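A.B. asks: Fold the stuff below for me.
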Amino acid sequence: MKKTRTFSALRTALTAATAAVLAISLAACSQTGGSTTAGTSASGDQTTFTYARSAAVTSLNLWTEITSNNAFAIDKIFEPLVSFDKDGKIIDWLAKSHKISDDGLTYTFTLRDGLKFSNGKNVTAEDAVFSIEQHQAEKDAALPLTADIASVTAPDEKTVEIKLNSPYTPLLAELANFSNGIVPKDFGGKSEADFFANPVGTGPFVVSKWDKSGDLTFTKNENYWQQGKPGITKLVYKLVEDGTQAVNQLKTGQVDGIEDPALENLDELENGNDTKVETAGSWVTHTFFFNTADEHFSDVHVRRALAYALNRSDVTKAVSFGHADTAKTVLPKAIEYSTQDSIEPVDNDLDKAKEELAQSKYPDGFDAKILLASGNNAYSQAAQLLQSAAAKIGVKLEIESVDIATFRSRFKAFDYQIMINSAQADYPDADSIIDFQADPDGFSKSYWTSYSNPEVTEELKKAQVTPDGDERAALYEKIQQTLADEVPYIPLYSPQIVKAVRKNVTGLEVLPNNSVRFQDVKIG
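C.D. replies: So this is what the prediction gives:
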């Protein structure tokens, strides 16, 4: 049976981590605290990495958690059969190889030799089978595999076989998600609750000390399968809720890195004497969404008029401090099959904007509202730019700012005309975004826009079962151009994933889902 994801399955821009990246803090920085000398970490040695984070880790259950404060601790403990690299390319991980049958119905994974859990016990295919089946059975699972799975079996100790009832190309990418990490069969004899309170996994670190309202300390997994790694012996997730304080602690050496430095601090950190930034492309696109069930925005010419009136590059420049790419399509460039470099968007042409409005049901203009969540200055600035652009063609837009709970309930009830929000892909496959934002039959009804185009629906369903290659690329190219032409939403910008570290830190691998790998980190 094919499973569907819940709303939380796509982390929106309103999650803690992304909101922190986009927050435009007006507080001035001041030097506080002591400093460390070059070649040492915040702890005073070269084996402990202290990482400032704005939210505490509250749960380590990989199946029910979705927020980044928990997810990016979970992925240090548990690992999946396959994963992805900095560019979003699928790579073998606990599996040394994988094979997909010609009919797309059988996925076979061969485990690496010598795999052990952090408690020293061998990892077998039965552990993988248990993990996948337990995840699929979890009633509160946030990120279940959505393929129509017939069976998961272990033909031998090293082989895992997943059989499908029907082909589903995104499966491999879904398996790369942190939520598909491998746990010991039957939780190693513990209850599920006891296991996740003190988990055992194959990841580079194990939990040493955990304050659910404060810091989390990891120590090196001495049984880690990547020989000689991690290079550090201790990793501390330090709770620093104030962004200015985090910057000051990095500059003075009290921490070795910041998970989500505020954008307005990046130039200072990038050019600092003792600090630098590390970046990667992201799977996020911040977007204006139209409620196409609204009488005004059911008219494609109205939507095209506003898209032509707006200069997306101006939005990017205003909110990103140079750390974002102006979006031309719903698919971020960091996801395969994005047509960011080739698509023809409806964008930045005032004459065409006026022509489109003249063809609409409202040639003399109209009044409407932009809904946004309060407290996000980047979104507020973007809304003001759209408001100003719309006024040039006779459309009067009012900005309606509400608290986040009201915002979520309003847009999920289709109680809006225009809203600004974003979705992040959970895994490196175009379907993770396209299906969520363009399928009128999905639970979100094309991301709560009510957009429906039978041709697009047919193409996205075909893309789900078409093997990777030219044919699948052509399908997504066509879908993206149709979405660009019909404008159920205006993609604005895709932010870079940015981390700040001390200059004596090397080897930090920044990933497009906003996580990082510490396996190769060295200090000094």
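A.B. asks: doesn't Ala154 fall inside a strand?
C.D. replies: Yes: looking at Ala154 with DSSP: H, G, I helix; E, B strand; the rest coil, it is inside a strand.
A.B. asks: give me every residue that touches it.
C.D. replies: Applying CB atoms under 8 Å, 6 or more residues apart in numbering to Ala154 gives the contacts 124-126, 128-129, 160-161. For every residue, glycine as well, the C-beta is placed using N, CA and C.
A.B. asks: Farthest pair within the residues you listed?
C.D. replies: In these, two members sit farther apart than any others by CB to CB. They are Thr124 and Glu161, at 13.7 Å.
A.B. asks: In terms of neighbours, single out the busier of the two.
C.D. replies: Thr124 (20 against 17; other CB atoms under 10 Å).
A.B. asks: From Gly189, how far off is the closest residue to the more buried one other than its chain neighbours?
C.D. replies: Leaving out its chain neighbours, the residue that sits closest to Thr124 by CB to CB, 6 or more residues apart in numbering is Glu157, at 4.7 Å. Computed as CB to CB, to the nearest Å, the Glu157 to Gly189 distance reads 19 Å.
A.B. asks: For those two, work out which one has more neighbours and name it.
C.D. replies: Between Glu157 and Gly189, counted using other CB under 10 Å, Glu157 has the larger neighbour count: 12 against 9.
A.B. asks: how much space is there between that one and Phe187?
C.D. replies: Computed as CB to CB, the Glu157 to Phe187 distance reads 19 Å.
A.B. asks: Same question for Val498.
C.D. replies: 37 Å.
A.B. asks: higher neighbour count, those two?
C.D. replies: Taking neighbours as other CB under 10 Å, Val498 and Phe187 compare with Val498 leading, 26 against 17.
A.B. asks: can you pull the pLDDT of the more buried one?
C.D. replies: You'll see Val498 listed with a pLDDT of 97.
A.B. asks: Now do the SS call for it.
C.D. replies: Three-state assignment for Val498 (three-state DSSP): strand.
A.B. asks: wait, it sits on Val277?
C.D. replies: Yes: between Val498 and Val277 there is a contact under CB atoms under 8 Å: 5.5 Å.
A.B. asks: tell me, what's touching those two both at once?
C.D. replies: Here Val498 and Val277 share the contacting residues 261, 266, scored by CB under 8 Å, 6+ apart.
A.B. asks: so how far is Leu115 from the residue nearest to Thr124?
C.D. replies: Relative to Leu115, and taking CB to CB, Glu157 is found at 10 Å.
A.B. asks: what sits in contact with each of the two?
C.D. replies: Residues touching both Glu157 and Leu115 (CB under 8 Å, 6+ apart): there are none.
A.B. asks: Tell me who's in contact with Asn348.
C.D. replies: 308, 310-313.
A.B. asks: sorry, back to before: what separates the residue nearest to Thr124 from Ala125, distance-wise?
C.D. replies: 6 Å.
A.B. asks: Can you check which residues contact both of those two?
C.D. replies: Leu111.
A.B. asks: May I see the buried residues of the longest helix along the chain?
C.D. replies: As assigned by DSSP state H, the longest helix anywhere in the chain is helix 470-486. Using 16 or more other CB atoms under 10 Å as the test for burial, helix 470-486 gives 472-473, 475-477, 479-481, 483-484, 486.
A.B. asks: got JSON lines for those, with pLDDT too?
C.D. replies: Formatted as JSON lines, these follow (pLDDT from 0 to 100):
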{"residue": "Arg472", "pLDDT": "98"}
{"residue": "Ala473", "pLDDT": "98"}
{"residue": "Leu475", "pLDDT": "99"}
{"residue": "Tyr476", "pLDDT": "99"}
{"residue": "Glu477", "pLDDT": "98"}
{"residue": "Ile479", "pLDDT": "98"}
{"residue": "Gln480", "pLDDT": "98"}
{"residue": "Gln481", "pLDDT": "98"}
{"residue": "Leu483", "pLDDT": "98"}
{"residue": "Ala484", "pLDDT": "98"}
{"residue": "Glu486", "pLDDT": "98"}
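A.B. asks: could the residues you listed be laid out in CSV, adding distance to Asn453?
C.D. replies: Below are the buried residues of helix 470-486 laid out as CSV (distance: CB to CB, whole Å):
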residue, distance to Asn453
Arg472, 19
Ala473, 20
Leu475, 14
Tyr476, 15
Glu477, 15
Ile479, 9
Gln480, 13
Gln481, 12
Leu483, 8
Ala484, 12
Glu486, 7
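A.B. asks: Let me know the closest of the residues you listed to Asp351.
C.D. replies: Out of the buried residues of helix 470-486, the member with the shortest distance to Asp351 (by CB to CB) is Ala484, at 18.9 Å.
A.B. asks: Read off the pLDDT value for the nearest residue to the closest one once chain neighbours are set aside.
C.D. replies: Spatial nearest neighbour of Ala484, chain neighbours left out: Pro345 (5.1 Å); criterion: CB to CB, 6+ apart. Per-residue pLDDT puts Pro345 at 93.
A.B. asks: now do the one 4 residues further on
C.D. replies: Reading off the confidence values, Asp349 has pLDDT 98.
A.B. asks: Check Gln424 too.
C.D. replies: The model's pLDDT for Gln424 equals 87.
A.B. asks: Just grab the bridge partners of it for me.
C.D. replies: Val284 (DSSP bridges).
A.B. asks: now Asn513, nearest residue through space, not along the chain?
C.D. replies: With sequence-adjacent residues excluded and distances taken as CB to CB, 6+ apart, Asn513 is closest to Trp283, at 6.0 Å.
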